[in-house]
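1. just need the structure, nothing else, for what follows:
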Amino acid sequence: MTRVSHSSVARLRDWLDGTDDVIPGRRMWPWFAVALLYAAFAGGLALHQALASPYALADDVREHVFWMFRYLDPQLFPGDPMADYFQSLAPVGFTSLYWLLARLGINPLLASKLIPTGLSLIAVSYFFGFAWRFFHSRAIATVGAILFVQCLWLNSDLSSATPRAFFYPLFAAFLYYQLGGSIFGVLATTTLEALFFPPSALLSLGVLGLACWRWQNRPVLVRELRYYLQLTGSLALVLLCLWPYLHQTGAFGPLVTSAAARQMPEFGPKGRVPFFFPSWWGVWVGGNGGIHNMPTRPPWFLAAFLWPVLRRFPEKFPLLNAVPPGAGPLPQIIGSAMGLFGLAHLMLFRLYLPNRYTGPTMRVLMIFLAAGVLVALLDAALRWEAALPKKKSKRDTMMLTVCLLLFALVAGYPLLLPHFPTNGYIQGTDSALYDFFARQPTTIRIASLSDEAENLPTLCRRSIIVGAECAVPFHPAYYLPLRARGLEIARAQYSADPAFLRQCLRDQRVDFWLLDRKAFSRHYSSRLLRQLRLAEPGEVLGMVQGVAPLLTQPPPDSIVYQDANFLVVDTRHLFLNPGQTSALAGASAVQ
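-> Predicted structure coming up:
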């Protein structure tokens with residue numbers, strides 16, 4: 001037993017020592033396989049969650065993906081401004097991937113469930129390679145890849161299957177090729193970033209620009225030609241990809257100005273896009289304009305804060321000696337992220353939201369540094385133990401046990417959580433309602449204030465007139481008419497005036513009205529009502545005591561679907577003749 005423990009500790013020290021890992025070989029590939037198996041296992045758990053129900057879907061799929069059912073049936077969502085708007089915002093690489101999968105028979109909802117697992121495997125592969133090239137240590141690369149897997153599945157970016165999900169694999173690939181000096185790899189990844197998630201391409205261009213400088217008591221330009229080739233080639237390709245995209249996103253007019261946004265509650269602390277806050281913390285840290293997204297899980301993130309401390313004691317933490325002074329490209333990544341964060345504030349909304357440059361980047365960097373710190377601490381502990389005299393065999397056994405327990409704790413951390421992965425999937429529960437709408441003509445328009453209406457375009461492939469999920473306020477030419485439609489529908493739903501309700505049906509061309517059974521309780525609210533600042537319809541919308549809204553009791557012939565939670569009214573049967581209109585008004589007055 002003594003001999004076995006001593007031999008095992010020796011192998012552990014050899015694994016931690018990175019001096020023989022400069023050139024990839026048979027020593028590294030088994031650990032790369034371990035990282036991929038861990039990633040595949042986590043991805044399998046995510047797939048199990050996603051495929052457990054045909055009505056499970058990621059939150060942001062209801063914005064960025066629902067319109068892609070047009071790839072299967074071009075007649076879907078006719079004249080739907082929400083579908084047209086998000087189609088105009090979609091990067092060409094993102095849409096091309098979904099189009100290709102649709103041609104292969106994979107519908108957009110199913111594709112949105114399959115894509116994240118594939119992206120996770122790509123991201124972890126490149127992250128492992130980047131960590132190995134940076135630290136020359138298969139131990140740090142392995143631990144880093146495991147932590148990265150946990151990071152990917154403990155937030156909803158990857159599982160959203162939207163453009164931001166592509167940040168992690170593409171940026172990790174860029175770092176791998178940039179650190180390895182591969183001009184072709186850098187050009188390919190920056191081009192893909194521009195096609196799938198343009199903010200990532202801007203971040204990579206910033207890294208390439210800063211890589212052309214070195215600090216030698218003052219900033220000086222480097223002499224190696226490859227840095228300039230990478231920068232100029234990538235810049236040209238990114239501009240080539242973004243030029244048609246910028247023209248495409250201008251279809252709905254100019255962006256909201258900073259002055260106008262400050263006056264809109266939609267950009268306030270409780271708005272659709274929380275950006276302007278009364279406190280310093282809210283502005284610069286907590287909201288969409290803040291550095292934001294400080295990672296809290298997994299807790300090993302906190303080890304990253306020890307990085308500058310360990311770097312000051314190279315003799316005690318020799319594993320970090322392989323890291324060159326300045327630890328490039330880390331300062332370049334931080335400089336690029338913070339520079340774009342500042343530019344996004346100066347050019348408000350022109351570069352999208354400032355936190356899109358700092359949040360995901362912070363996750364990648366902190367996982368990366370935390371892996372280096374954890375392995376360096378373990379290596380230092382083993383070196384300290386080896387230097388102690390006497391009773392070495394017992395200490396070897398103890399150290400081996402402690403190391404194995406620590407590794408099991410780190411790798412098995414997801415088992416301690418109540419839910420892993422935490423994908424934030426929304427679960428549709430009213431299958432009969434979805435089936436009903438799916439059987440209707442593709443041209444129908446559905447009015448509703450219910451939160452359930454948000455799911456209908458994705459699960460039923462039918463248009464709703466307004467929904468909070470798609471009511472993003474960046475383009476006034478898109479948002480203000482959408483908000484006006486929402487206000488009219490809200491007032492009509494709670495109106496006792498037949499003429500007003502009839503006018504709304506005509507203006508909005510409403511075919512069906514979806515009603516929550518609790519919609520007329522005094523304190524009913526929904527996400528759309530809150531965005532419209534109509535949190536208590538009984539007071540705000542003028543439901544006068546003794547006068548009930550017309551839709552409280554629609555004519556029996558107009559109710560075409562009902563269950564425990566919902567009523568669906570066919571608006572064609574609401575006003576069959578003038579006499580019925582008078583009768584409805586009279587019935588409302590006596591209720």
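
2. with adjacent residues omitted, what lies nearest to Ser159?
-> Computed as Cβ to Cβ, 6 or more residues apart in numbering, the closest residue to Ser159 that is not its neighbour in sequence is Asn423, at 3.8 Å. To be clear about C-beta, it is placed using only N, CA and C from the backbone, and glycine gets the same treatment.

3. confirm for me that the one you found is in contact with Leu51.
-> No: applying Cβ atoms under 8 Å as the test, Asn423 and Leu51 come out as separate, 11.9 Å apart.

4. quick one: which of the two has more around it?
-> Asn423 (23 against 12; other Cβ atoms under 10 Å).

5. what pLDDT does the model give the more buried one?
-> Turning to Asn423, the model gives it a pLDDT of 81.

6. for it, grab phi and psi.
-> In terms of degrees, to the nearest 10, the main-chain angles of Asn423 are phi -80, psi -10.

7. show me the contacts for it.
-> Contacts for Asn423 (Cβ atoms under 8 Å, 6 or more residues apart in numbering) come out as Ala46, Gln49, Ala50, Ala58, Pro116, Trp153, Ser156, Ser159.

8. change it to 10 Å
-> 45-46, 49-50, 56, 58-59, 113, 116, 153-156, 158-160 (Cβ atoms under 10 Å, 6 or more residues apart in numbering).

9. for Arg214, name its beta-bridge partners.
-> On the basis of DSSP bridges, Arg214 is bridged to Val220.

10. where are the low-confidence patches of this protein?
-> By pLDDT under 70, the weakly predicted segments of the chain are 1-26, 292-296, 324-327, 389-396, 534-546, 576-591.

11. output the contacting helices and strands for the lengthiest helix in the chain.
-> Looking across the chain with DSSP state H, the single longest helix is helix 355-387. Applying 3 or more Cβ pairs under 10 Å, 6 or more residues apart in numbering; DSSP states H and E, one finds that helix 355-387 makes contact with helix 2-16, helix 108-135, helix 138-153, helix 167-180, helix 198-211, helix 307-310, helix 330-346, helix 392-411.

12. was I right to think Ile559 contacts Leu514?
-> No: counting by Cβ atoms under 10 Å, Ile559 stays clear of Leu514, with 11.6 Å between them.

13. pick out whichever of the contacts of Asn423 sits closest to Ala211.
-> Distance to Ala211 across the contacts of Asn423 (Cβ to Cβ) is lowest for Leu158, with 27.1 Å.

14. give me the neighbour count for the closest one.
-> 28.

15. residues near Arg312, how many?
-> Arg312: 8 surrounding residues under other Cβ under 10 Å.

16. can you give me the strands in the stretch 401-550 of the chain?
-> 425-427, 445-448, 463-464, 512-516 (DSSP state E, counting those that start in this stretch).

17. just the CA coordinates for the last one, please, in PDB.
-> Output in PDB follows, covering the C-alpha atoms of strand 512-516 (Å, rounded to 0.1, in the frame of the first residue of the first chain):
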ATOM      1  CA  PHE A 512     -59.200  35.200 -32.000                       C
ATOM      2  CA  TRP A 513     -58.900  36.600 -28.500                       C
ATOM      3  CA  LEU A 514     -57.200  34.500 -25.900                       C
ATOM      4  CA  LEU A 515     -58.400  35.200 -22.300                       C
ATOM      5  CA  ASP A 516     -57.000  34.100 -19.000                       C
END
